[in-house]
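Below: sequence and its predicted model.
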Amino acid sequence: MKIKVAIIEDLKDVAQLLSDVINEEEDMECYQVYHNAEDAIVFLQKNPAHICIVDIGLPRANGLEAIRQLTPLCPAMQFCMFTVYEDDEKIFESLKAGAKGYILKGESTSKITSFIRELHHGGSPMSHNIARRILGFFHNIDIPAKPVALPLSERETELLTYLSKGLLYKEIGERMGITTGTVKQHIHRIYEKLHVTNKTEALNLFNKR
């Protein structure tokens, strides 16, 4: 069975060229071309395609709105943006709207038909520039370290808190109402629980928790 492709593109010459390219391929066909989102929404829900190629900059309702409205109406249809926009906002808005691919209009015709096949078989095709922008975005995100739960009692945690503030054993004992000897016993037990041998190692783990 051929891959049924629909196009939503307001520039008629671009839509015609893209349609002709698709129909020249043996494994795909395109007989649904719409020049605005409104017509596409009305007719595609009656006869959905496998793949819908969507321009973002449509008149009136844009391509993102077309995807948002068509997704619940045609749940099996997959959407791919076909646009000149390369800015981060448009890319992520498209992906959030439900697009599974993002192709720039400057791509070669062979690349476009290859992307259609990739999308139909479960991939998420993107022009190289777009993929690099997405990767660059995630590389710049600082992911906070996952807190580490330490096997310490509330009392032992309190003691380490004082120790991390630079208090002496005597001062810690005074604040906790225990002797200096008891402070040392607690610290020795903490070392055993944390599998460390000195104060520096214990505090490093404590500060990363």
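Structure's in. What do you need?

and stretch 77-87, C-alpha only, in CSV?
Extracted C-alpha coordinates of stretch 77-87, given in CSV (Å, rounded to 0.1, in the frame of the first residue of the first chain):
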residue,chain,number,x,y,z
MET,A,77,-2.1,10.7,10.9
GLN,A,78,1.4,11.9,11.4
PHE,A,79,2.5,15.5,11.0
CYS,A,80,5.7,17.0,9.6
MET,A,81,6.5,20.7,9.5
PHE,A,82,7.7,22.0,6.1
THR,A,83,8.9,25.6,6.7
VAL,A,84,11.5,28.2,6.4
TYR,A,85,11.5,29.0,10.1
GLU,A,86,14.6,27.9,12.1
ASP,A,87,14.1,29.7,15.4
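
roughly how far is that stretch from the heart of the chain?
The offset between the C-alpha centroid of stretch 77-87 and the centroid of the whole chain comes to 16 Å, using CA atoms, centre = their mean, to the nearest Å.

pLDDT on it, on average?
On average, the pLDDT along stretch 77-87 is 89.

which of the residues in it are buried?
Going by neighbour count (16 or more other CB atoms under 10 Å), the buried part of stretch 77-87 is 77-83, 85. Quick note: C-beta positions are derived from backbone N, CA and C, even for glycine.

quick one: what helix or strand has His205 in it?
Quick fix: residue 205 is Leu, not His. Element membership for Leu205, per DSSP states H and E: helix 199-208.

Packing partners of that helix?
Helices and strands touching helix 199-208, by 3 or more CB pairs under 8 Å, 6 or more residues apart in numbering; DSSP states H and E, are helix 154-164, helix 180-194.

coming back round to it: save the buried residues of stretch 77-87 as JSON lines, and put in distance to Lys4 and secondary structure too.
Supplementary listing: the buried residues of stretch 77-87 in JSON lines, determined by distance: CB to CB, whole Å; DSSP: H, G, I helix; E, B strand; the rest coil:
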{"residue": "Met77", "distance to Lys4": "9", "secondary structure": "coil"}
{"residue": "Gln78", "distance to Lys4": "11", "secondary structure": "strand"}
{"residue": "Phe79", "distance to Lys4": "14", "secondary structure": "strand"}
{"residue": "Cys80", "distance to Lys4": "14", "secondary structure": "strand"}
{"residue": "Met81", "distance to Lys4": "18", "secondary structure": "strand"}
{"residue": "Phe82", "distance to Lys4": "16", "secondary structure": "strand"}
{"residue": "Thr83", "distance to Lys4": "21", "secondary structure": "strand"}
{"residue": "Tyr85", "distance to Lys4": "26", "secondary structure": "coil"}
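
Many thanks, I have nothing further to ask.
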